[in-house]
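Colleague: structure of the sequence below:
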Amino acid sequence: MNRKLKINKHFTPCPVDDEDEMYPNGIFVFNITKMLAFIESSNIPYEEVLVKDFNKVTTKFKEDYLATVDVKRPIIVAEISPGRYNVIDGNHRMEQARRLGMEKIPAYRMNPEQHIQFLTTEQGYFAYIEYWNSKLKSLEGQ
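Modeller: Next up, the predicted model:
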């Protein structure tokens, strides 16, 4: 299966409103608020993912907030490079699931064709296309 991403010359960065939640991952900044609205309007089903499959991204959690999170609310995992998913919304929920000893947590699994539209800059979009395709090429060389 060819998963090479092609540049859309008509790409428009996802707009950002004042109250929107963002997920910065280096040059890649995703608009989580707009992504959640898309998920809801598209009726994308969630699935269960294994907690152990996701590395802890930080050791600094807001402990007061952590105690209030609903681990039954799906997180969002995005395929950031071929076959590799990162938690881009729900790191506190994932950490709480870890602490509770849960094996699985509900998640929306987003592929690049779904999540790329939520990048907030053209620079990030073009860099992402290049990054994805370079990772794909290195996998083909193995």
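
Colleague: and the lowest-mean-pLDDT helix or strand in the chain, what other elements does it pack with?
Modeller: Least confident helix or strand, the chain: helix 63-66 with a mean of 88, by mean pLDDT, DSSP states H and E. Counting contacts by 3 or more C-beta pairs under 8 Å, 6 or more residues apart in numbering; DSSP states H and E, helix 63-66 packs against helix 91-99. (Each C-beta comes from the backbone N, C-alpha and C, glycine too.)

Colleague: what mean pLDDT does the helix it packs on have?
Modeller: Confidence over helix 91-99 (mean pLDDT, whole number) is 93.

Colleague: sheet partners, orientation included, of the helix or strand following it?
Modeller: Sequence order places strand 104-110 as the next helix or strand after helix 91-99, per DSSP states H and E. Partners of strand 104-110 in the sheet, by DSSP bridges, are strand 47-50 (antiparallel), strand 75-81 (parallel).

Colleague: I'd like to know which elements the following helix or strand past strand 104-110 is packed against.
Modeller: On the C-terminal side of strand 104-110, the closest following helix or strand by DSSP H and E is helix 112-115. When contacts are defined as 3+ C-beta pairs under 8 Å, 6+ apart, helix 112-115 sits against strand 75-81.
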